[in-house]
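J.: Based on what follows, work out the 3D shape:
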Amino acid sequence: MTDASAGPRGQQRVVPGAVAAVRAIAELSGSIVARAAARGVTIAIAESLTGGLVAATLVRTPGASGVLRLGVVAYATEMKHEVLRVPASLLAERGPVDADVAIAMARGVRELAATDRATCTIGVATTGVAGPGPQDGHPPGEFHIGIEVETVAGRVVGSSSHQATGDREAVRGAALLAALRHLDEALRRSDLQTHSESTP
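T.: Got it, this is the predicted structure:
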C-alpha cells in the first residue's frame, strides 16, 4: 500500500490516511497472529484480487508459522473451481466477483488446509475487481470478502461487500484491511474449534 507520493523536486509527501491504514494493518496482523496462536486457531487464505497480499501480511508477523496453514492465489476463474472447488454452476450464474463465491472460496481453502493430522479453524477469501476498468459488469473497486469458521457447533459463514476508490493498489489495500477485520472479528468468538497441531 502506498503511503507517500512525489512532492516538489522528487521529495516524498506523506499521505496521513495511507499512513494510518498501514499502521492499522500492522496492528491487526500482529493481533490476529498472537490471538490465534494463543488459542490454537489455524487460518487458511484464498485470494484473487489481493494476489497473496493477505497471506504475505500475516507472514511478516513473528509466530505466523504456527497459525497460517495455507495460502492460495486463485486468480483465474477456472482455478477457483479446479483448485478451490467453487461450484461451476455458481461461477456460471454469478461470475467470480460475488459474495457467495467468496464464501465458497473460503470453504474450499479451509478444506484444502485440512489434513489427516489437523484441521483448519478459519478460511477467509477475497475476490473482486482491482481495476482500472470494469469486469463482467462489475465496476473497478468492487470486492467481496468471504469467511468460514469452524465452531464447536459446526460451520459458520459470512461475507461483506465493498466499493473502494482509488487505483489498483488502493483497492487491494482496502481488500486486505477488510479481510484482516473479518479475521479479527472471527477471533473474538468464544466458540471457535481449536487445534493443538499446526504447520511447523
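
J.: Pull out the buried residues from the longest helix seen in the chain.
T.: Using DSSP state H to define each element, the chain has its longest helix at helix 16-39. Residues of helix 16-39 classed as buried: 18, 21-22, 25, 28-30, 32-33, 36-37 (neighbour count, 16 or more other C-beta atoms under 10 Å). Quick note: C-beta positions are derived from backbone N, CA and C, even for glycine.

J.: Would you mind identifying the next helix or strand past it?
T.: strand 43-47 (DSSP states H and E).

J.: All the helices of the chain, residue numbers only.
T.: Under DSSP H, the chain gives helices at 16-39, 53-59, 77-82, 88-94, 99-113, 168-186.

J.: TSV please, covering those helices and showing mean pLDDT.
T.: Rendered in TSV, the data for these read as follows (pLDDT from 0 to 100):
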stretch	mean pLDDT
helix 16-39	89
helix 53-59	98
helix 77-82	98
helix 88-94	97
helix 99-113	97
helix 168-186	96
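
J.: Tabulate those in JSON lines, adding columns for distance to T126.
T.: Listed next are the helices of the chain as JSON lines, based on distance: least, C-beta to C-beta, whole Å:
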{"stretch": "helix 16-39", "distance to T126": "14"}
{"stretch": "helix 53-59", "distance to T126": "7"}
{"stretch": "helix 77-82", "distance to T126": "12"}
{"stretch": "helix 88-94", "distance to T126": "16"}
{"stretch": "helix 99-113", "distance to T126": "7"}
{"stretch": "helix 168-186", "distance to T126": "5"}
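
J.: Of all those, which one is nearest T119?
T.: helix 99-113 (7.8 Å; C-beta to C-beta).

J.: Which elements pack onto the closest one?
T.: Helix 99-113 sits against strand 43-47, strand 68-73, helix 77-82, helix 88-94, strand 122-128, strand 142-151, strand 154-163, with contacts defined as 3 or more C-beta pairs under 8 Å, 6 or more residues apart in numbering; DSSP states H and E.

J.: hmm, 7 Å instead?
T.: strand 43-47, strand 68-73, helix 88-94, strand 122-128, strand 142-151, strand 154-163 (3 or more C-beta pairs under 7 Å, 6 or more residues apart in numbering; DSSP states H and E).

J.: Keeping just the C-alphas, turn the last one into CSV.
T.: Translated: strand 154-163. C-alpha atoms of strand 154-163 as CSV (Å, rounded to 0.1, in the frame of the first residue of the first chain):
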residue,chain,number,x,y,z
GLY,A,154,-20.5,-26.5,13.3
ARG,A,155,-19.5,-24.3,10.4
VAL,A,156,-20.5,-20.6,10.4
VAL,A,157,-20.1,-18.5,7.2
GLY,A,158,-20.2,-14.8,6.5
SER,A,159,-19.4,-12.2,3.9
SER,A,160,-19.2,-8.5,3.2
SER,A,161,-19.3,-6.4,0.0
HIS,A,162,-17.4,-3.2,-0.6
GLN,A,163,-16.8,-0.5,-3.1
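
J.: Appreciated, that's everything.
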